[in-house]
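**Student:** okay, predicted coordinates and the sequence, questions at the end:
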Amino acid sequence: MIRHIIKLIWNKKGNNSLLIVEIFLSFLVLFAVLSYVIYNTDRLEVPTGFDTENRWLVFLDRNDKDMDSTANAQMRINLKNDLQSLENVEDVAFSNPIAPYSYNTWSSSYDDLGFEMRSRFLYADINFEKTMNINVTDGRWFDETDKTATYEPIIVNQFFIDQYFPDKSMIDSIIPFGGDKKIIGIIDDYRYNGVFEELQETCFFYQPYTSENSEIIYLKVAENTPKSFEEEVSKMVESITKSSSFVIQDLKAMERRNNRQTWVPMIALLSISGFLCINVALGLFGVLWYNINNRRSEIGLRRALGASRVGIASQFTGEVLILTLLAVLVGVFFAVQVPLLKLIDIPPNIFYRSMFYSALIILTIVVICALYPSAQASKIQPATALHED
């Protein structure tokens, strides 16, 4: 049967070549789209390392740089105390300008140990862990003793340890990292650019909330806090800072806006791929109907010679499946070059999974489209078909 089908396909190679090209191109498009989608959705399973629900951010104006250090520190003390006294505020913390979804970043690298160590740098106060619900997996967060520590304390994420000190206990270790630093804690992670961000080496430094560089205030507000409470916070901040050039943002809303930038392209690409698959399905359906109508005499003759209805249906379904397999195999040959040649810095397993799902989707579409026309072909009666011929 297979040999006979291949011979039939070869005899109609001119007509079949366009269908093979269409399926081949559809496979490549689907492969590219699914690679992008899988690459992004895989990261949804990794926690960002902090909470966004019931968290508000106050972005302070930088004009306070003109104040002397004493006045600057006192202003932040007043801000923290007064904000903490509000009924709906549960916790208050401060950090440098690198806040979640603010599109700010600061990274550097050092080779003090004979190999390059790269990390993103963030600065936070003692209360940051509690306010943002940071998960410290080993060691501790900053405390009062770090103000006078002999070595500058740092807290790194687990990815930092896995990259540079795998299978080693690094708590209380001193490492040369732009000067001697003491690792006092390890956190799960802090992917402050959102769930679609790749894991990166991250390092927290201690920064007192009274520092003039503490430009972001983090507020953990009570559940179901009304939006009108923002006005109360705004009036308080304005009265203390003597400035209205600050912004209050709901961190959950910032997260949604940030994630939308990835979700929208993914949905658009999936929609385009779906439309392409529908076109392939319609093309297959049309080709099968055309072949059946042009080959009624052949079908009638085969039925007259004793071919069963199942045999007729299997022949037409098999022809389309073999054409599809040829197109998919050519597509796999080109697609597999991406991970083998490392053309894109993405884990190879993502590409292999994309190839598998793309082939599975196309083969499923082909089978579905082939079943009904093939079943109709098998119902053609020999006398009717031969009489028409």
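**Tutor:** Happy to help now that I have it. Residues are numbered from 1 along each chain as shown.
**Student:** tell me where this protein has strands.
**Tutor:** Under the criterion DSSP state E, the chain contains strands at 55-59, 89-95, 107-110, 117-124, 136-139, 152-157, 174-176, 180-187, 202-206, 216-221, 247-250.
**Student:** now those strands as JSON lines including mean neighbour count?
**Tutor:** Every residue, glycine included, has its C-beta placed from N, CA and C. Below are those laid out as JSON lines (neighbours: other C-beta atoms under 10 Å):
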{"stretch": "strand 55-59", "mean neighbour count": "21"}
{"stretch": "strand 89-95", "mean neighbour count": "22"}
{"stretch": "strand 107-110", "mean neighbour count": "13"}
{"stretch": "strand 117-124", "mean neighbour count": "20"}
{"stretch": "strand 136-139", "mean neighbour count": "14"}
{"stretch": "strand 152-157", "mean neighbour count": "23"}
{"stretch": "strand 174-176", "mean neighbour count": "15"}
{"stretch": "strand 180-187", "mean neighbour count": "20"}
{"stretch": "strand 202-206", "mean neighbour count": "22"}
{"stretch": "strand 216-221", "mean neighbour count": "23"}
{"stretch": "strand 247-250", "mean neighbour count": "16"}
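**Student:** where among these is average confidence lowest?
**Tutor:** Note on these: lowest mean pLDDT is at strand 107-110, with a mean of 90.
**Student:** who are the packing partners of that strand?
**Tutor:** Here strand 107-110 touches strand 117-124, going by 3 or more C-beta pairs under 8 Å, 6 or more residues apart in numbering; DSSP states H and E.
**Student:** what's the angle from the strand it packs on to strand 152-157?
**Tutor:** 110 degrees (axes from the mean of the first three to the mean of the last three C-alpha atoms, to 10 degrees).
**Student:** can you add distance to Glu45 and give the strands of the chain back as JSON lines?
**Tutor:** Putting these into JSON lines (distance: least, C-beta to C-beta, whole Å) gives the following:
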{"stretch": "strand 55-59", "distance to Glu45": "22"}
{"stretch": "strand 89-95", "distance to Glu45": "27"}
{"stretch": "strand 107-110", "distance to Glu45": "25"}
{"stretch": "strand 117-124", "distance to Glu45": "21"}
{"stretch": "strand 136-139", "distance to Glu45": "18"}
{"stretch": "strand 152-157", "distance to Glu45": "17"}
{"stretch": "strand 174-176", "distance to Glu45": "30"}
{"stretch": "strand 180-187", "distance to Glu45": "18"}
{"stretch": "strand 202-206", "distance to Glu45": "19"}
{"stretch": "strand 216-221", "distance to Glu45": "25"}
{"stretch": "strand 247-250", "distance to Glu45": "25"}
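**Student:** now the helices: where do they sit in the stretch 201-350 of the chain?
**Tutor:** 229-241, 251-294, 296-304, 309-335, 337-340, 348-378 (DSSP state H, counting those that start in this stretch).
**Student:** distance between the shortest one and the chain's centre?
**Tutor:** I take that to be helix 337-340. 21 Å (C-alpha atoms, centre = their mean, to the nearest Å).
**Student:** then the last one?
**Tutor:** Centre-to-centre, helix 348-378 and its host chain are 26 Å apart (C-alpha atoms, centre = their mean).
**Student:** and the residue nearest the centre of the chain, what pLDDT?
**Tutor:** Nearest residue to the geometric centre of the chain (C-alpha atoms, centre = their mean): Asn40, 2.1 Å. pLDDT, Asn40: 90.
**Student:** could you find the closest non-adjacent residue to it?
**Tutor:** Phe196 (5.3 Å; C-beta to C-beta, 6 or more residues apart in numbering).
**Student:** now do the contacts for the one you found.
**Tutor:** 40, 43-44, 259, 262 (C-beta atoms under 8 Å, 6 or more residues apart in numbering).
**Student:** any idea which of the residues you listed is the one closest to Ala335?
**Tutor:** Closest approach between those and Ala335, by C-beta to C-beta: Asn40, at 18.6 Å.
**Student:** surely the closest one touches Thr262?
**Tutor:** Yes: assessed by C-beta atoms under 8 Å, Asn40 is found in contact with Thr262 at 5.8 Å.
**Student:** what's the closest non-adjacent residue to Asn78?
**Tutor:** Here the residue nearest Asn78, using C-beta to C-beta, 6+ apart, is Ile240, at 5.1 Å.
**Student:** pLDDT weak spots in this protein?
**Tutor:** Residue ranges of the chain with pLDDT under 70: 1-16, 62-66, 287-316, 372-389.
**Student:** okay, domains of it per the record?
**Tutor:** Under automatic domain parsing, the residue ranges defining each domain of the chain are 2-44+260-388, 61-245.
**Student:** any chance of the ones you listed in a markdown table, plus distance to Ala253?
**Tutor:** A markdown table is the format used below for the domains of the chain (distance: least, C-beta to C-beta, whole Å):
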| stretch | distance to Ala253 |
| --- | --- |
| domain 2-44+260-388 | 11 |
| domain 61-245 | 9 |
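**Student:** of all those domains, which lies closest to Lys252?
**Tutor:** Nearest of those to Lys252, taken as C-beta to C-beta: domain 61-245 at 10.2 Å.
**Student:** how far off centre is the closest one?
**Tutor:** 25 Å.
**Student:** can you get me the start-to-end distance on that domain?
**Tutor:** Using C-alpha to C-alpha, to the nearest Å, the span of domain 61-245 from its first residue to its last is 5 Å.
**Student:** now do the residue nearest to Tyr352 when sequence neighbours are not counted against Trp141, distance only.
**Tutor:** Sequence neighbours aside, Pro339 is the residue nearest to Tyr352 in space, at 6.8 Å (criterion: C-beta to C-beta, 6+ apart). Distance, Pro339 to Trp141, by C-beta to C-beta, to the nearest Å: 40 Å.
**Student:** what bridges to the residue nearest to Glu90 when sequence neighbours are not counted?
**Tutor:** Distances taken as C-beta to C-beta, 6+ apart put Lys220 closest to Glu90, at 4.6 Å, once the chain neighbours are dropped. Beta-bridge partners recorded for Lys220 (DSSP bridges): Arg55, Asp91.
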